[in-house]
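**Student:** give me a 3D structure for the following:
(2 chains)
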Amino acid sequence: MTSDLTRLTADALASKLASKEVSSVEATQAHLDRIAAVEGAVHAFLHVASDSALAEAADIDRRRAAGEQLHPLAGVPIAIKDVIVTKGMPTTSGSKILEGWVPPYDATVMTKLRAAGLVSLGKTNMDEFAMGSSTEHSAYGPTHNPWDLERIPGGSGGGSAAAVAAFEAPFALGSDTGGSIRQPAHVTGTVGLKPTYGGVSRYGAIALASSLDQIGPVSRTVLDSALLHDVIGGHDPRDSTSLTDVWPSFAEAVRNADVAGLRIGVIKELQGDGFQPGVMERFREALALLEAAGAIITEVELPSVEHAIAAYYLIMPAEASSNLAKFDSVRFGLRVNPKGGGTVEDVMSATREQGFGAETKRRIILGTYALSAGYYDAYYGSAQKVRTLVQRDFAAAFANADVLVSPTAPTTAFKLGEKTGNPLSMYLNDIATIPANLAGIPGISVPAGLAAEDGLPVGIQFLAPAREDARLYGVAAALEALLEQKWGHTLLSQAPDLSSSEMNATDEGAV
Amino acid sequence: MAKLMDYDRALELFEPVLGFEVHIELSTKTKMFSDAPNYFGGEPNTNITPVDLGLPGSLPVVNGQAVRYAISLGLALGCSIAPTSRFARKNYFYPDLAKNYQISQSDEPIAFEGSVEVELPNGRMFTVPIERAHMEEDAGKLTHVGGATGRIQGAEYSLVDYNRAGVPLVEIVTDIIYGAEADAPELAKAYVSTIRDIVVGLGISEARMERGNLRCDANISLRRRTPEGEPPAPLGTRTETKNVNSLRSVERAIRYEIQRQAAILDDGGTITQETRHWHEDTGETSAGRPKSDADDYRYFPEPDLLPVVPSAELIEELRAALPEAPAARRRRLKAEWNFTDLEFQDLTNSGLVNEVIDTVAAGASPAAARKWWTGEIARTANAQGVDATTLVTPLQVAQLVALVDDGTLTDRLARQVLEGVIAGEGTPQQVVDARGLAVVSDDGALIAAIDEALQSQPDVLAKIRDGKVQAAGAVIGAVMKAMKGQADAARVRELVLERATALPE
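**Tutor:** Below is the predicted model of the structure:
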């Protein structure tokens, strides 16, 4: 075990960069070395941008040496989920249909990262078009959970979570449509936050479901997520759904964390049946710690949550079926010419047949059906009504609680291949995370410890009313401090040292 | 060549039922949902952003100017403006549609339930009911290469130019139009013409049909007439004729479809519900793609855009700024100018109402302004095959009229001056000076010419002296000829009679 630069939090690394104790080139090279050492086992990245990362780092070092006033995070490396469009770096959204596509423009979050001087290490693996909870639907092979390489890293953002958990990057960008930031954080012992809908620009995030998608931070500490959120958040005139609010500093919220008098509502429907005992045990333990620190624990009911998954699996595929129509070979991406030629419709058909994976096709078909004349009211229409009910449930619950709490997911990381044959059981893994997307409210997952029965990480999820992301940073940071005080170390310091497990790397999915 | 029924016979057997969809390209600075300039033409695929190309990750942003234009148009159509309207996605795959869905409006359009008053050439006023006006984006432009017809059938390959993709459109949809009867073709033309006048008056579109700024899809079906006292027959199957790129074509296409459908129905055939393409050269329509009411575009609210919620203040501000409706304006002008129905109709048909307004504003009498524009100027324009408005300005016409009114010019001289003005010789006064065309008002010169004429025609002189004053005509003619027309004939006549008695025997 080295005390090398990759073990530092983004915040700590930023301090060393600012004091010129460490250069950005050194920090970047350390992470590139770590990537080279463990990628064979983890496969968190779809593209590692070594050359451009080192060039960006050198530029920051030069500017710092010249005495330029830089952003506090300037020179810190970061990993980018491949759903985010990056100028000059391939962007596939985990799909064969975009293999080799290099976008001519940057997502707004990328523009902000570049302006702050963060160094992009590369693009992380994900389920194709963010459709999945395990990264097994990536067209480029799955990512492996650094805690147990036989297990899933969560999804869709398993690549970003695994990269952070495996010390390949101090933090990363993710996107969350039904839990794709929070569930991977839960199974990898990392922190992930889905901001309030509209809190971070979606411009340049390849859309899965426009009304549900949000970009957010993934990191090893609550503070690092807050620091990253402070960089990427805020209004963007290119995204009509982005809020015009002026946001408080989330890093400040972490530094002022205090749960005394905070009313924490335990969601009655998201515990018990179907939830693994080890998950519930860590959950109750966390609540007890918070209560001891002065929080007021109450129970709240969200009766419509039982219909949330059904509604989600109509709204999300309906929007996805339309969002994915643009992948037709005419303007970008894969083009498959049918044998013997054909009309443009034939080419579109052949391209989509070959370019999309099975799960993507499944959801396009589901969504197309849900929007069809004669079925619209029964499916899409009813789902929107449920969505309204979920929103009302949350509004009522927040009348009696400042934040709500549940386990982030019912189980710890399942085995690769365990649920691929049963889409429904895979979908059910998102039961606790989906409601926040339907309601547009923010949610965070923080590590709560390891489940006794399998020794795998467990996360705890906090939810807050829309626009109250700062509350989540406060309560999560408080819990993080209480737990680390109790353990005497961070959770990730207990993760296996992958440099020795390199030989165990599976062949599948190696870059 | 389709079989056609005689038009009058078709009208005896069937009632034409109409409906129009008119697309207006708005002349905003930028496109409907991107910051690309609202301009197409030039090098293909140069005027585009990631949004217009539908690149992954790109998002639309609504053009506020386009919304204001759409509200103004809705108000001018007498529509209610929705306090909340919504964009929706119309999903279908076609290569000119970058996202394979069009952002349009479905069941929540920005403007709904209005009407437009149109005047037919025979003076009949007709109220066209408007169902809605909604905002949407234009598609790219396909060019089919390698086929004989330039159409997709038989083409080897097709090229797509996305410069037009995302140009803002308003689509105006009428309700079903009954009661046009034999005037159906003229109504179609008058309706589209009135819409054009409205958008031009609002200044929201170039509205050039030949450039596709204003496009009309004409729906028509025939309903068989039933004997008095029996219930009406059900509505017939409709066709939708596209590619109608001039006012004249709108009229011709409707007439053609009535005659074509009538022939089929009278032979016991059925009409296929389909789009039909109008061919300007042959004056026919041909079958396009079948279109059924079951076409499923899977409309759903556009999740990338917020609802459009114009403030009541904005709506009232735009309402207050509306120009007068074309029909009301016509009524007012006709009364103010004291024109007969026929005179006003004549002026309207010439398309020179605005020129007369401006000429009157510049000081001419309405009657004189009308006479010059619809007379000599229109004739010259017709002969030269140009638009009358390109020949002279209203100010020049008013100056010409003033020269006639103050006696400087006779009508005949004024026509010569006009010719000079059109030829670019300057203002009417400059032409008068340069060509020496002013009326000779020097009695001395006239008297000399009259005396000479009287003396060379003693028989005429004798007749005049005998009181046969009509004989003076021959002398007047000779004098006018001698003066090269630059004399006031009435004054010449006065002087002839005076000199006839004054001259020594």
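
**Student:** state the pLDDT value of residue 504.
**Tutor:** In the absence of a named chain, this looks at chain A. Residue A:504 carries a pLDDT value of 45.

**Student:** chain B, not that one
**Tutor:** What the model reports for residue B:504 is a pLDDT of 71.

**Student:** now do it against chain A, distance only.
**Tutor:** Noted for residue B:504: a distance of 98 Å to chain A, by CB to the nearest CB, to the nearest Å. Heads up, the C-betas are built off the backbone N, CA and C, glycines and all.

**Student:** just to be sure, that residue is in a strand?
**Tutor:** No: in this structure, residue B:504 is coil, not part of a strand, as judged by DSSP: H, G, I helix; E, B strand; the rest coil.

**Student:** return the set of buried residues in stretch B:366-380.
**Tutor:** B:366, B:368-374, B:376-378, B:380 (16 or more other CB atoms under 10 Å in any protein chain shown).

**Student:** now tabulate the residues you listed in JSON lines and tack on pLDDT, distance to chain A and secondary structure.
**Tutor:** Below are the buried residues of stretch B:366-380 laid out as JSON lines (pLDDT from 0 to 100; distance: CB to the nearest CB, whole Å; DSSP: H, G, I helix; E, B strand; the rest coil):
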{"residue": "B:366", "pLDDT": "94", "distance to chain A": "52", "secondary structure": "helix"}
{"residue": "B:368", "pLDDT": "94", "distance to chain A": "56", "secondary structure": "helix"}
{"residue": "B:369", "pLDDT": "94", "distance to chain A": "51", "secondary structure": "helix"}
{"residue": "B:370", "pLDDT": "94", "distance to chain A": "52", "secondary structure": "helix"}
{"residue": "B:371", "pLDDT": "93", "distance to chain A": "56", "secondary structure": "helix"}
{"residue": "B:372", "pLDDT": "94", "distance to chain A": "54", "secondary structure": "helix"}
{"residue": "B:373", "pLDDT": "94", "distance to chain A": "50", "secondary structure": "helix"}
{"residue": "B:374", "pLDDT": "91", "distance to chain A": "52", "secondary structure": "helix"}
{"residue": "B:376", "pLDDT": "92", "distance to chain A": "56", "secondary structure": "helix"}
{"residue": "B:377", "pLDDT": "93", "distance to chain A": "51", "secondary structure": "helix"}
{"residue": "B:378", "pLDDT": "90", "distance to chain A": "50", "secondary structure": "helix"}
{"residue": "B:380", "pLDDT": "92", "distance to chain A": "51", "secondary structure": "helix"}
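
**Student:** setting the sequence-adjacent residues aside, check what's closest to residue B:158.
**Tutor:** Closest residue in space to residue B:158, ignoring its immediate chain neighbours: residue B:144 at 4.9 Å, by CB to CB, 6 or more residues apart in numbering or on different chains.

**Student:** near chain A at all, stretch B:287-300?
**Tutor:** Yes: counting by CB under 8 Å from any CB of the partner chain, contacts between stretch B:287-300 and chain A involve B:294, B:296, B:298-300.

**Student:** quick one: buried ones out of the residues you listed?
**Tutor:** With burial judged by 16+ other CB under 10 Å, the buried subset of these is B:298-300.

**Student:** is residue B:465 in contact with residue B:501, as I believe?
**Tutor:** Yes: using CB atoms under 8 Å, residue B:465 is in contact with residue B:501, at 6.9 Å.

**Student:** tell me, how many residues neighbour whatever residue of the stretch 51-200 of chain A ends up closest to chain B?
**Tutor:** The minimum distance from the stretch 51-200 of chain A to chain B, using CB to the nearest CB, falls at residue A:85 (4.0 Å). Residue A:85 is flanked by 28 other residues according to other CB atoms under 10 Å in any protein chain shown.

**Student:** what about residue 461, helix or strand, and which?
**Tutor:** You didn't pick a chain, so chain A it is. Secondary structure assignment for residue A:461, by DSSP states H and E: strand A:457-463.

**Student:** try again with chain B
**Tutor:** helix B:458-465.

**Student:** what about that helix, average pLDDT?
**Tutor:** Helix B:458-465 comes out at a mean pLDDT of 84.

**Student:** and the residue nearest to residue A:312 when sequence neighbours are not counted, how far is that from chain B?
**Tutor:** If the residues on either side of it in the chain are set aside, residue A:312 comes closest to residue A:434, at 4.6 Å by CB to CB, 6+ apart. Per CB to the nearest CB, residue A:434 is found 16 Å from chain B.

**Student:** isn't residue A:434 right next to residue A:176, touching?
**Tutor:** No: at 10.2 Å, residue A:434 does not count as touching residue A:176 under the criterion of CB under 8 Å.

**Student:** and the two? which has more neighbours close in?
**Tutor:** Using other CB under 10 Å as the criterion, residue A:434 and residue A:176 rank with residue A:176 on top: 30 against 23.

**Student:** residue B:465 and residue B:501: which is more packed in?
**Tutor:** Neighbours were counted for residue B:465 and for residue B:501 using other CB under 10 Å; residue B:465 has more, 14 against 9.
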